[in-house]
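A.B. asks: Here is a sequence together with a model predicted from it:
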Amino acid sequence: MNTIEAEIHSALEDAGIWPVKVTTVLSPAWTTEWMTASGRAKLLEYGIAPPAENARLDAMLGMDIPKACPNCGSSHTEIISQFGSTACKALYKCLDCQEPFDYFKCH
Ligand SMILES: [Zn+2]
């Protein structure tokens, strides 16, 4: 956490903004339900399948899966690994375009 705070300080000071006070708030814990439509769209543009808006119920039912391949939009996908490039993502493969992609899991 200190690294994040230090980088925020550095970036703002480099931009001529100071003094800077960074307040870290850890509670309540962030969930994917706080993700905005704009944030979901940006993930998709970057090639990461975002969680559905109300994916928590899907997750409780073991149905937390990507709605579509971020490359071609196909829903014909399969899981390769429960963990992708980070622990918060799973690795999927599209069975139509054959491209692998990360899915940002609901949490
Ligand atoms: Zn695809």
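C.D. replies: It's in. Remember, predicted model here, so these are calculated numbers, not experimental data.
A.B. asks: what's the pLDDT at the residue lying farthest from the centre of the chain?
C.D. replies: Taking Cα atoms, centre = their mean, the residue of the chain most remote from its mean C-alpha position is Pro19, at 31.4 Å. Here, the pLDDT recorded for Pro19 equals 91.
A.B. asks: That one sits in which helix or strand?
C.D. replies: Element membership for Pro19 (DSSP states H and E) is empty, with no helix or strand holding it.
A.B. asks: Please tell me how far it sits from Ala6.
C.D. replies: Distance check for Pro19 against Ala6: by Cβ to Cβ, to the nearest Å, it reads 15 Å. Every residue, glycine included, has its C-beta placed from N, CA and C.
A.B. asks: Name all residues that make contact with Pro28.
C.D. replies: Applying Cβ atoms under 8 Å, 6 or more residues apart in numbering to Pro28 gives no contacts.
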